[in-house]
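A.B. asks: make a model of this:
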Amino acid sequence: MHKVKLGIVGCGAVTQIYHLPASRLLSGAKIEALVDLDLNLAQKLCSKYKIPYCFNDYRKLFGLVDGVIIALPNKLHASTSIEFLKERIPVLCEKPLATSAHDAEEVIKTSEKFKTPIAVGLIRRFYTSSRLVKFIISKNILGKIYRFEIEEGIVYDWPTISGFYFNRLASGGGVLMDTGSHVLDLVLWWFGDNVINFDYKDDDLGGGIEANSELNLVINYKGDQIEGTIELSRTRRLRNSYKIFGEKGWLEFFPFDTEKVQLNLKRKQQHGMIYDKKLDLGGGKRNIIYYFYEQLKDFVQVIAGDKASPYVDGKTAYQTVKLIEACYNKKQNIPMPWITNGIN
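C.D. replies: This next block holds a predicted model:
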């Protein structure tokens, strides 16, 4: 039986920590080649994972692989994806799909023109926990939803190899472009993309990248308005949970737990007293490597023709890119009282 041959472009942290270990779980596909400008790094990884080919030019993958994973600095996502799509090679592009809405649109247009799928690595969509939240919302278990509160922040410790995260030209932005791609993707997936109002603040004073950001927004969901707050940080440990409030109760989602959701349902007792019934849903033992495997398996099924489209395709990922760009365009500064030069 023919195994789907995959190439990976970019041998940085996400490839080493997630994609390569996850690829070992695949039965219907194999990694055929690695590409990195640091050929020595690619060769070491090829030796470790018994991968036949390594190159420092991704164009050498043309005609060699059935699909490709793009794990390059953000600024290169769109242009590199377009080159492979023009060769009719399916693409799984790490998030974000692009650093601008225009570039994301060009990727989607190319995918449609050459009838070649584009998948986007918004891995949290695959989590059991995020699917549970989607189910709870879609089944109206919380009743009418009126608010959500999101906090996600740690002291930044990602073992970046290229360091592109700290260069705005290469990254396209800071914590909003990075963590925010995951967060906003889930919000728009759960509630739809009809954002009717928002205001955005961060701590970049011009030309750099933001380490802290705050977003307030209003989403029209099934005719009702849901107000939400999102606080993100690369310098502080925040609560690291997403709370969603409805008329029948509330839930809490934990972004660093791929399985668990806490559901709190209101129930009436004697004398009109209302109590919360707390339910811990999910709670399995699968780690994030498993979900990278699920993402790869989904991509391989599309390449093999077993699925019509990826679980997360370019069109849905585009909505997040568009909202992030709108936030940056409308940006104000977070109040910083220690600055007295009139910026705030």
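A.B. asks: doesn't residue 248 make contact with residue 145?
C.D. replies: No: contact criterion CB atoms under 8 Å: residue 145 and residue 248 do not qualify, at 9.6 Å. Yep, even glycine has a C-beta here, placed from its N, CA and C like the rest.
A.B. asks: neighbour count for these two, which is higher?
C.D. replies: Neighbours of residue 145 and residue 248, each counted by other CB atoms under 10 Å, are more numerous for residue 145; the result is 26 against 15.
A.B. asks: what are the bridge partners for that one, then?
C.D. replies: With DSSP bridges applied, residue 145 shows beta-bridge pairing to residue 246.
A.B. asks: what do you get for residue 212?
C.D. replies: Here residue 212 sits in beta bridges with residue 233, going by DSSP bridges.
A.B. asks: what's around it, how many residues?
C.D. replies: Neighbour count for residue 212, taken as other CB under 10 Å: 21.
A.B. asks: tell me the contacts of it?
C.D. replies: Counting by CB atoms under 8 Å, 6 or more residues apart in numbering, residue 212 touches 153, 175, 202-203, 231-236, 334.
A.B. asks: what's the pLDDT at residue 166?
C.D. replies: Here, the pLDDT recorded for residue 166 equals 85.
A.B. asks: the nearest residue to it once chain neighbours are set aside: what secondary structure?
C.D. replies: Using CB to CB, 6 or more residues apart in numbering and skipping the chain neighbours, the partner closest in space to residue 166 is residue 209 (6.4 Å). With DSSP: H, G, I helix; E, B strand; the rest coil as the basis, residue 209 sits in coil.
A.B. asks: isn't residue 209 right up against residue 172?
C.D. replies: No: proximity of residue 209 to residue 172 does not meet the contact threshold set by CB under 8 Å, at 9.0 Å.
A.B. asks: count residues in the vicinity of the residue nearest to residue 166, would you?
C.D. replies: Applying other CB under 10 Å, we find 20 residues neighbouring residue 209.
A.B. asks: got the phi/psi numbers for it?
C.D. replies: Torsion angles at residue 209 (phi, psi; degrees, to the nearest 10) stand at phi -120, psi 150.
A.B. asks: OK, contacts around it?
C.D. replies: Counted by CB under 8 Å, 6+ apart, residue 209 has contacts 165-168, 171, 173-175.
A.B. asks: among these, which are located in helices?
C.D. replies: Those of those mapping onto helices are 168, 171, 175, per DSSP state H.
A.B. asks: list buried residues within the contacts of residue 212.
C.D. replies: Neighbour counting with 16 or more other CB atoms under 10 Å marks 153, 175, 202-203, 231-234 as buried within the contacts of residue 212.
A.B. asks: picking that back up, let me have the contacts of residue 212 in JSON lines, adding distance to residue 129 and pLDDT as columns.
C.D. replies: Putting those into JSON lines (distance: CB to CB, whole Å; pLDDT from 0 to 100) gives the following:
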{"residue": "153", "distance to residue 129": "19", "pLDDT": "98"}
{"residue": "175", "distance to residue 129": "22", "pLDDT": "98"}
{"residue": "202", "distance to residue 129": "27", "pLDDT": "96"}
{"residue": "203", "distance to residue 129": "29", "pLDDT": "95"}
{"residue": "231", "distance to residue 129": "20", "pLDDT": "98"}
{"residue": "232", "distance to residue 129": "19", "pLDDT": "98"}
{"residue": "233", "distance to residue 129": "21", "pLDDT": "98"}
{"residue": "234", "distance to residue 129": "23", "pLDDT": "96"}
{"residue": "235", "distance to residue 129": "26", "pLDDT": "96"}
{"residue": "236", "distance to residue 129": "23", "pLDDT": "95"}
{"residue": "334", "distance to residue 129": "29", "pLDDT": "93"}
